[in-house]
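In: give the three-dimensional model of this entry:
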Amino acid sequence: MESRQLRVFVSLAEDLHFARTADRLNVAQSVLSDQLRKLETTLGVRLLNRNKRAAVTLTNAGEVFLQEALLALRQLERAESVGRLAARGEVGNVSLGYVGSAVSTGLLPATLTRFRVACPQVEMDITAMETPRQLESLRDGRLDVGLLRSRSRYPDGVTATVVMREQLMIALAADHPLAESETVQPNALRDAAFIVPQFSESEGFAENLSSLGRLGEFDAAPRHRVADFITALCMAAAGYGVVLVPQSMKAFAPADVAFRPIDAYHEEAELAVAYRTRERAPSVQRFVEMAIGSFG
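Out: Got it, this is the predicted structure:
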């Protein structure tokens with residue numbers, strides 16, 4: 001059974017007139033007759049009563065089959081529409097991971113807003129996730145896209161584009177002696193108790209902290225190791241130490257935390273959009289393009 005045969009039958013059932021239907025479809029009457037005959041042969045039943053001396057009418061079987069034919073054609077049209085949308089990345093699923101700074105910098109909300117407007121039928125699965133776990137999940141196929149801290153190297157099959165850079169600052173309790181100055185000198189942090197998030201990483205903020213130590217000529221070793229910046233900032237507010245943080249983390253900080261720039265320290269924290277190099281899903285490709293296009 002072909003969709004063309006169904007369309008011919010539905011059109012004939014609507015008009016109950018071969019000549020009129022032929023004119024409307026811009027085909028010869030013989031084509032209509034041939035398509036109808038093939039359909040009836042396939043079904044093994046007559047669908048239309050037709051002869052030269054009487055009006056064309058639907059048989060009982062034709063009346064029943066008409067309802068199913070209409071449903072089938074509507075479903076086919078929906079399938080065709082969904083297929084076209086899928087090819088353009090406008091339907092599908094995207095699994096997205098993000099670090100906290102993707103929220104505080106506006107990268108995550110802005111990208112989601114733009115993508116929802118363009119592709120409202122795409123289902124989003126969004127999870128807060130530290131950079132190392134995002135990279136593992138991207139490599140293993142459990143994640144489609146990551147908004148994460150950039151790395152010098154990525155797992156095989158994963159690549160990334162830096163879309164945002166922000167200044168690194170020292171966060172400390174508002175009543176800390178170093179908070180009295182507008183700018184902190186690197187060597188003034190020699191005896192500071194550093195609170196370090198995501199301490200298991202060999203790159204990222206652990207590397208930035210080591211660079212700060214070299215600038216101030218001291219060993220910038222972590223005193224307190226925590227899982228995230230929110231915990232680190234709360235500990236800083238309570239006076240446990242200081243945190244090297246991206247500037248955007250001001251949005252998450254308690255009121256009694258001060259942020260100060262570091263003199264002559266020019267390293268920046270980079271946010272990147274990470275994805276698989278051989279990604280085939282159009283919806284994922286569309287999201288990546290929008291994220292990079294908005295900020296890259």
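In: immediately after the one helix or strand residue 114 maps to, which helix or strand?
Out: Secondary-structure element containing residue 114, defined by DSSP states H and E: helix 107-118. Remark: after helix 107-118, the chain's next helix or strand is strand 121-128, criterion DSSP H and E.
In: what packs against whichever helix or strand comes after that following strand?
Out: If you walk from strand 121-128 toward the C-terminus, the next helix or strand you reach (DSSP H and E) is helix 131-140. Other elements packing on helix 131-140 under the criterion 3 or more Cβ pairs under 8 Å, 6 or more residues apart in numbering; DSSP states H and E are strand 91-98, strand 145-149, strand 158-173, strand 268-276. Where C-beta positions appear, they are placed from N, C-alpha and C, glycine not excepted.
In: list the buried residues of the shortest one.
Out: Of the residues in strand 145-149, those with enough neighbours to count as buried (16 or more other Cβ atoms under 10 Å) are 145, 146, 147, 148, 149.
In: name the helices or strands packed onto it?
Out: strand 91-98, helix 100-104, helix 107-118, helix 131-140, strand 268-276, helix 282-295.
In: nearest to residue 7, of the ones you listed?
Out: Nearest to residue 7 among the helices and strands packed on strand 145-149 is strand 91-98 (25.0 Å), distances taken as Cβ to Cβ.
In: against which helices or strands is that closest one packed?
Out: So strand 91-98, by 3+ Cβ pairs under 8 Å, 6+ apart, packs with helix 60-87, strand 121-128, helix 131-140, strand 145-149, helix 282-295.
In: so what's residue 186 up against?
Out: 212, 215, 216, 217, 262, 263, 264, 265 (Cβ atoms under 8 Å, 6 or more residues apart in numbering).
In: can you do 6 Å?
Out: Contact analysis of residue 186 by Cβ atoms under 6 Å, 6 or more residues apart in numbering lists 215, 216, 262.
In: picking up where we left off before, of the helices and strands packed on helix 131-140, which is nearest residue 72?
Out: Once the helices and strands packed on helix 131-140 are compared by Cβ to Cβ, strand 91-98 is nearest, at 21.3 Å.
In: return the set of buried residues in that closest one.
Out: Here strand 91-98 shows 91, 92, 94, 95, 96, 97, 98 as buried, counting by 16+ other Cβ under 10 Å.
In: same deal with stretch 106-114?
Out: Neighbour counts over stretch 106-114 (16+ other Cβ under 10 Å) mark 106, 107, 108, 111, 112 as buried.
In: surely the third one touches residue 102?
Out: It stands for residue 108. Yes - Residue 108 is within contact range of residue 102, at 4.2 Å (criterion: Cβ atoms under 6 Å).
In: what residues are shared contacts of those two?
Out: Common neighbours of residue 108 and residue 102 (Cβ under 6 Å, 6+ apart) are residue 147.
In: count the neighbours of residue 242 for me.
Out: 26 (other Cβ atoms under 10 Å).
In: for it, give me its contacts.
Out: By Cβ under 6 Å, 6+ apart, the residues touching residue 242 are 170, 172, 192.
In: how about the buried residues of stretch 106-114 in CSV, adding distance to residue 133?
Out: Shown next, in CSV, are these (distance: Cβ to Cβ, whole Å):
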residue, distance to residue 133
106, 23
107, 18
108, 17
111, 20
112, 20
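In: and which of those residues is nearest residue 72?
Out: Nearest to residue 72 among those: residue 112, at 37.3 Å, using Cβ to Cβ.
In: quick check: the closest one vs residue 124, distance?
Out: Distance, residue 112 to residue 124, by Cβ to Cβ, to the nearest Å: 7 Å.
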